[in-house]
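S.K.: Structure for the following, please:
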Amino acid sequence: MQRRVMVATFGLLPCIVRAQGARPIRLIVPYSPGGATDILSRLLAPRLSESLEQPVVVENRAGGNSIVGTEAALRAAPDGQTLGMIDLAFVVNPAMYATLPYDAQRDAAPVGLVASAAQVLLLHPAVPARNLVELVALARARPGQLSFGSAGAGTAVRIAGEQLRIAAGLDILHVPYRGGGETLAAVTSGEVSMIFSGQAQAKQLADAGRARPLAITGARRGRRMPEVPSFAEAGFAGVDVVTINGLIAPAGTPPEVIRRLNAAVVQALRQPDLAQRLTELGFEIIGGTPEEFAAWTAAQLPKWDALVRTAAIRPE
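M.R.: The predicted model follows:
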């Protein structure tokens, strides 16, 4: 039944998207190049292009904790020619900002969730801690002297840092950057003491001796780095945030266009080579319907509102 539905979906609108010929679809990434969201988008774009029979071009629009790029995607014409790749900041930012230039539910048409990824805590090699217990003891002995970087106040890597700070009762300084690539450079240079990162980037830095992995968010170890204990193993089960990416379109995009875009996403994620590559990079494939994406958004907004209030997170 599912196969027949997908085939029927691909048969819809032969003239709405394809009639625009080779005009490229913009996929806006609200961060600078090099981070997990950017990497995921660049892997997905060629597969979407194959399914939609149109070029899909990734465009980086960094700034404002992902607000700049997300607003650009949501203010575009609702014709299926502009998509945005969101991450956890999409559902965290509404709790941090008294006003946003868009509404996460009213102004966005969910296309589909794409993938999630656990976060690895990485230390600069000069930090004298070999495990999470030692890091907590060090941070308590040096209040305010250790720092962690993130791609912005509402991102999963910032939320993970706040979960650790709250769970362990630490006084550590947050340093914001414009994207994941910049945070990786910050921890390897020693500009910050630690960051949270996806498994692929974390493994590369660990294997090169440029950063030390201590723990991974969630209840179980990651496939990419099975030697790294989970926060739950280390006694900090509350440090469980993962980054989740999904595609959105501007509100008002015709439902049939959304269905066709969603079918293209689902088809891309079912390609064995793409699925294998995403798994190698530490992603867990999600997929699903626009309705499931909308339900996820509705459930996440109050959850992160509570954490933002507890941690007193403010925009930088």
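S.K.: tell me which residues in the longest helix seen in the chain are buried?
M.R.: Criterion DSSP state H: the longest helix present in the chain is helix 290-311. Across helix 290-311, burial judged by 16 or more other C-beta atoms under 10 Å covers 290, 293, 296, 297, 300, 301, 304, 307, 308, 311. The way it works is simple: take the backbone N, C-alpha and C, and place the C-beta from them, glycine included.
S.K.: Give me the mean pLDDT for it.
M.R.: When pLDDT is averaged over helix 290-311, the result is 94.
S.K.: cool, and stretch 31-49?
M.R.: 93.
S.K.: next one: stretch 198-212
M.R.: 93.
S.K.: what do you get for stretch 86-97?
M.R.: In the prediction, stretch 86-97 has an average pLDDT of 94.
S.K.: Touching that stretch from outside, list them.
M.R.: 30, 36-37, 65-67, 70, 100, 103-104, 152-156, 159, 241-248, 297, 300-301, 304-305, 307-309, 313-315 (C-beta atoms under 8 Å, 6 or more residues apart in numbering).
S.K.: Tell me how far it lies from the chain's centre.
M.R.: Chain-centre distance of stretch 86-97: 11 Å, with C-alpha atoms, centre = their mean, to the nearest Å.
S.K.: now swap in stretch 84-100 and tell me
M.R.: On C-alpha atoms, centre = their mean, the centre of stretch 84-100 falls 12 Å from the chain's centre.
S.K.: repeat for stretch 251-265
M.R.: 21 Å.
S.K.: Can you give the contact residues for stretch 123-136?
M.R.: Against stretch 123-136 from outside (C-beta under 8 Å, 6+ apart): 121, 137-138, 146, 168, 170, 187-188, 190, 192-194, 209-215, 229, 231, 234, 236.
S.K.: let's go with 10 Å and repeat that
M.R.: 121, 137-139, 146-148, 164, 167-170, 172, 186-195, 205-206, 209-215, 229, 231, 233-236, 239 (C-beta atoms under 10 Å, 6 or more residues apart in numbering).
S.K.: distance between the ends of it?
M.R.: Stretch 123-136 has an end-to-end distance of 12 Å (C-alpha to C-alpha, to the nearest Å).
S.K.: what pLDDT, on average, does it get?
M.R.: 96.
S.K.: what are the phi and psi angles of the residue nearest to the spatial centre of the chain?
M.R.: The centroid of the chain falls nearest to residue 87 when counting by C-alpha atoms, centre = their mean (3.6 Å). Dihedral angles of residue 87 (phi, psi; degrees, to the nearest 10) stand at phi -130, psi -160.
S.K.: tell me the strands in this structure, going along the chain?
M.R.: 25-29, 56-60, 82-86, 108-118, 120-123, 147-150, 173-176, 194-197, 212-216, 242-250, 283-287 (DSSP state E).
S.K.: wait, which of the ones you listed is closest to residue 45?
M.R.: strand 56-60 (4.3 Å; C-beta to C-beta).
S.K.: what's the angle from that closest one to strand 82-86?
M.R.: Strand 56-60 runs at 50 degrees relative to strand 82-86, counting by axes from the mean of the first three to the mean of the last three C-alpha atoms, to 10 degrees.
S.K.: from the middle of its chain, how far away would strand 56-60 be?
M.R.: For strand 56-60, the distance to the chain centre is 16 Å (C-alpha atoms, centre = their mean).
S.K.: Also stretch 30-45?
M.R.: Averaging C-alpha positions (C-alpha atoms, centre = their mean) puts stretch 30-45 9 Å from its chain's average.
S.K.: and what of stretch 287-301?
M.R.: Using C-alpha atoms, centre = their mean, the offset of stretch 287-301 from its chain centre is 15 Å.
S.K.: Outside of that stretch itself, which residues are in contact with it?
M.R.: 86, 88, 90-92, 94-95, 104-105, 108-115, 244, 246-249, 255, 258-259, 261-262, 265-270, 286.
S.K.: Using neighbour counts, trim those residues to the buried set.
M.R.: Looks like these have 86, 88, 90-92, 94-95, 104, 108-115, 244, 246-249, 258-259, 261-262, 265-269, 286 buried, using 16+ other C-beta under 10 Å.
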